[in-house]
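Peer 1: based on what follows, work out the 3D shape:
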Amino acid sequence: MDTKLAKNYTIIFLIILNLVLFILSFLLEEKYKITKEQENTIVSYLEKENVKIYADLPKKYYPMPEISMKKTKNDDLVLQKIFFSNNENLIRTEKFEDTIFKQGESLVPPVVD
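Peer 2: Numbering: from 1, shown residues only. Now for the predicted structure:
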């Protein structure tokens, strides 16, 4: 097998692949641009709803990432100070993963971690 010929074919294939991907990237970038027709539609809808727009609309937009949320842990002592004026007769109960504070008839629902 001629390795020099295989290298040449591989380089030619990669150059052609790069050109195709380069062209596709420009075609897909057009997908995130607002046309003049879309801009006129937005402005007319806002005027119909009695909303005035004094700023320029952005011409390009890109998809936004999804919202990521993380679990937080609350400090029980801080929560006691916030919800109860004094700590006398304060009953703390833990059921499953929830913490319940009770003082007399007042009850604070479980804090979601």
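
Peer 1: could you measure from the nearest residue to Gln103 once chain neighbours are set aside over to Phe101?
Peer 2: Nearest residue to Gln103, sequence neighbours excluded (C-beta to C-beta, 6 or more residues apart in numbering): Leu90, at 4.8 Å. The C-beta positions use only the backbone N, C-alpha and C, and glycine is treated the same way. Leu90 is 6 Å from Phe101, where distance means C-beta to C-beta, to the nearest Å.

Peer 1: neighbour count winner among the two?
Peer 2: Using other C-beta atoms under 10 Å, the more surrounded residue of Leu90 and Phe101 is Phe101, with 20 against 14.

Peer 1: any chance you could map the strands in this structure?
Peer 2: Taking DSSP state E as the test, the strands found in the chain are 90-95, 98-103, 106-108.

Peer 1: for the residue nearest to the spatial centre of the chain, grab phi and psi.
Peer 2: Centroid-nearest residue in the chain, with C-alpha atoms, centre = their mean: Ile67, separated by 2.8 Å. Per-residue torsions, Ile67: phi -70, psi 130 (degrees, to the nearest 10).

Peer 1: that older thread, deepest of the strands of the chain, which one?
Peer 2: Highest mean neighbour count of the strands of the chain: strand 98-103, a mean of 16 (counted as mean count of other C-beta atoms under 10 Å).

Peer 1: that strand: partners in the sheet, and parallel or antiparallel?
Peer 2: strand 90-95 (antiparallel), strand 106-108 (antiparallel) (DSSP bridges).

Peer 1: mean pLDDT lowest for which of those strands?
Peer 2: Lowest mean pLDDT of the strands paired with strand 98-103: strand 106-108, a mean of 53.

Peer 1: ok, back up a step: which residues do Leu90 and Phe101 both contact?
Peer 2: With contacts taken as C-beta atoms under 8 Å, 6 or more residues apart in numbering, Leu90 and Phe101 have Gln80, Phe84 as neighbours in common.

Peer 1: all helices for this protein, in order.
Peer 2: Applying DSSP state H to the chain gives helices spanning 3-29, 36-48, 76-83.

Peer 1: so which elements touch the shortest one?
Peer 2: Contact partners of helix 76-83 among helices and strands, from 3 or more C-beta pairs under 8 Å, 6 or more residues apart in numbering; DSSP states H and E: strand 98-103.
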